[in-house]
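Asks: Here you go, sequence then predicted model.
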Amino acid sequence: MKNSYSNIYTFNDKILKKVIKNLDNGGAIGLPTETVYGLGGNAYSKKSINQIFKLKMRPRSNPLIIHYYSMNEAINDVVMNPIFIKLYKKFCPGPITFILKKKKNSRINSLACAKLETIAVRFPKHKVIRSILKKISFPLAMPSANKSTNVSPVDPKDVWDEFKRKIKLIIDGGRCKYGIESTVIDLTNKPKILRPGIINKSVIEKILQTKIKNFKGGKKIKAPGLLKKHYSPGIPVSINQRKHDGKSAFIFLGKKHINKKNFFTLSKEFNLNEAASNLYKIFRIIKKKGYKKIQISKIPNKGSGVAINDRIKKASNF
Ligand code: TXA
Ligand code: MG
C-alpha cells in the first residue's frame, strides 16, 4: 500500500517481491533495522555499491557494513574466530558489527570494503530486514540511509528527507527501536571498540572476561566513520552546556525544563537508552524548526551515555 510519500511502502508479500526485484537489478533502497534505517544494496554487485556511494556522497575510503541473515551465510566471506563466535551467540541477531579478516575468495565487491582486507559484518534483528535477508541469495551492503556527515534516519520519513525520490523504495518498518547505530568492534586483533553503541563495553567485557580497548584515533584510520565531523544536524552544536543562551535549542535529560520554549528533553526519566533513541529525531526536529544553534547539557558517560557522547562530540565538530 502506498501512502502520501509516494516511495514509502508498508511491508507485505507483494512489496517483498518488489524489494527483491529491485535488489536483484542492482538498486539501492531504504530499509529498516533495529538501530537506524539503512540504504541497502547487493554486496556482490559493483552497480549497487557504486550507487550507494553516489547517493550518500560518501568518500570511497569509508567502507560499508555487510548484513547477513546468520553466521552460516558469512562463512565464505570472513575468517571466523572464537571471540566472534562467543559474541555472536550472545548478541546476534542484534545491534553489533564485527570487523573480521576477509577471506581471499570472498565475493563481496572490493569497493564495498574500500579495498581493505577486512569486512564489517552485522546480523540485524528487525523482522522486516530479516525476512528480506532470508529470501535473497546475497548479503546486503548497507550504510545508514543519510547523506555523508548527516545524522542517521530513524523512521521512513527521515529517509525520504535525505533522498526524496532519488531512491525508488523506502520500506516502512516503523520507528527504530534503538535509534543509534550499532556498536562496532574490531576483532582482527585484540578486541577494540571502534564505535560505541547500545551494546556497551562493560557488557562485552563481562562476556569475554577480559578488558577491552576503546579506539582513540591514531595515524591509520580504522573506521572512517570515526572521522571528526560526522553525525551532524547541519547547525553548530555545543556540548557540556550549563546555561541556556536565550535563543538556541537546548537539549537536556529529565523533566526540569519540560514546558519551557526552546527546551527539548532526551528522556524525562533520565533513561540513557531512551535518550539515545531520541537524539537524532530531536536533532531533525530542531533543524526543521529553524534554530541556528544547539546546546546540549552534560550527559553521564556510562551505559548508552558513552554512545550519545561519542555522537554529540562529533556533531559538535561543525
Ligand atoms: O547500525 C548500523 O550499523 C547501521 C545499520 C543500517 O545497520 N549501519 C551503519 O553503517 O551505521 P555506516 O556505514 O553508516 O557506518 C559503518 C561504520 C563506519 O564508521 C565505517 O567506517 C565502519 O563502520 N567500517 C565499515 N567497514 C569497516 C572495516 N572494514 N574496518 C573498520 N571500520 C569499518
Ligand atoms: Mg552512517
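Replies: Structure received. The structure displayed is predicted, hence computed values, not measured ones. Numbers count the residues shown, from 1 in each chain. Ligands and ions are numbered 1, 2, ... in the order given.

Asks: residues from this protein in reach of ligand 1?
Replies: 33, 35-36, 38, 62-65, 97, 99, 113, 116, 118-120, 122, 124, 142-144, 181-182, 184, 194-195, 222-225 (C-beta under 6 Å from any ligand atom). The way it works is simple: take the backbone N, C-alpha and C, and place the C-beta from them, glycine included.

Asks: let's see it at 5 Å
Replies: 33, 35, 38, 62-63, 65, 99, 116, 118, 120, 142-144, 181-182, 223-225 (C-beta under 5 Å from any ligand atom).

Asks: Now do the phi/psi pair for residue 73.
Replies: phi -70, psi -20 (degrees, to the nearest 10).

Asks: what's around it, how many residues?
Replies: Other residues near residue 73 number 19, with proximity taken as other C-beta atoms under 10 Å.

Asks: Can you tell me the closest non-neighbouring residue to it?
Replies: Once flanking residues are discounted, residue 73 sits nearest to residue 139: 6.3 Å by C-beta to C-beta, 6 or more residues apart in numbering.

Asks: which stretches of the protein form helices?
Replies: 13-24, 46-56, 71-74, 82-91, 127-135, 156-163, 201-208, 272-288, 305-315 (DSSP state H).

Asks: What average pLDDT does the third one get?
Replies: Think helix 71-74. Per-residue pLDDT over helix 71-74 has a mean of 98.

Asks: looking at this structure, which helix or strand is least sure?
Replies: The weakest-scoring helix or strand in the chain, judged by mean pLDDT, DSSP states H and E, is strand 213-214 (a mean of 76).

Asks: In JSON lines, list the helices of the chain along with distance to residue 238.
Replies: Shown next, in JSON lines, are the helices of the chain (distance: least, C-beta to C-beta, whole Å):
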{"stretch": "helix 13-24", "distance to residue 238": "41"}
{"stretch": "helix 46-56", "distance to residue 238": "27"}
{"stretch": "helix 71-74", "distance to residue 238": "41"}
{"stretch": "helix 82-91", "distance to residue 238": "34"}
{"stretch": "helix 127-135", "distance to residue 238": "36"}
{"stretch": "helix 156-163", "distance to residue 238": "24"}
{"stretch": "helix 201-208", "distance to residue 238": "26"}
{"stretch": "helix 272-288", "distance to residue 238": "13"}
{"stretch": "helix 305-315", "distance to residue 238": "10"}
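
Asks: which stretch among those helices comes nearest residue 6?
Replies: Set against residue 6 and scored by C-beta to C-beta, those come closest in helix 156-163, at 9.5 Å.

Asks: if we can go back for a sec, what separates the residue nearest to residue 73 from ligand 1, distance-wise?
Replies: 12 Å (C-beta to the nearest ligand atom, to the nearest Å).

Asks: same check, this time on residue 25
Replies: Taking C-beta to the nearest ligand atom, one finds residue 25 at 21 Å from ligand 1.

Asks: picking up where we left off before, confirm for me that the residue nearest to residue 73 is in contact with residue 68.
Replies: Yes: the pair residue 139 and residue 68 qualifies as a contact (C-beta atoms under 8 Å) at a distance of 4.9 Å.

Asks: Overlap in contacts, these two.
Replies: Residues touching both residue 139 and residue 68 (C-beta atoms under 8 Å, 6 or more residues apart in numbering) are 74, 133.

Asks: Please say which of those two ends up with more neighbours.
Replies: The residue with more neighbours, out of residue 139 and residue 68 and counting by other C-beta under 10 Å, is residue 139; that gives 26 against 22.

Asks: for that one, what are its contacts?
Replies: Residue 139 makes contact with 43-44, 66-68, 73-74, 77, 108, 133, according to C-beta under 8 Å, 6+ apart.

Asks: To what extent is residue 79 buried, counted in neighbours?
Replies: 16.

Asks: can you check residue 54 too?
Replies: Close neighbours of residue 54, defined as other C-beta under 10 Å, add up to 11.

Asks: Spatially central, which residue of this structure would that be?
Replies: In the chain, the residue lying closest to the centroid (C-alpha atoms, centre = their mean) is residue 181, at 3.1 Å.

Asks: close enough to count as contact, that residue and residue 144?
Replies: Yes: using C-beta under 8 Å, residue 181 makes contact with residue 144 at a distance of 6.2 Å.

Asks: can you pull the contacts of residue 267?
Replies: Neighbour list for residue 267: 253-254, 274-275, 278 [criterion: C-beta under 8 Å, 6+ apart].

Asks: Need the pLDDT of the nearest residue to residue 254 once chain neighbours are set aside.
Replies: The spatial neighbour of residue 254 that comes closest, neighbours along the chain excluded (C-beta to C-beta, 6+ apart), is residue 270 at 5.6 Å. On pLDDT, residue 270 comes in at 98.

Asks: how near is residue 44 to residue 122?
Replies: Here residue 44 is placed at a distance of 17 Å from residue 122 (C-beta to C-beta, to the nearest Å).
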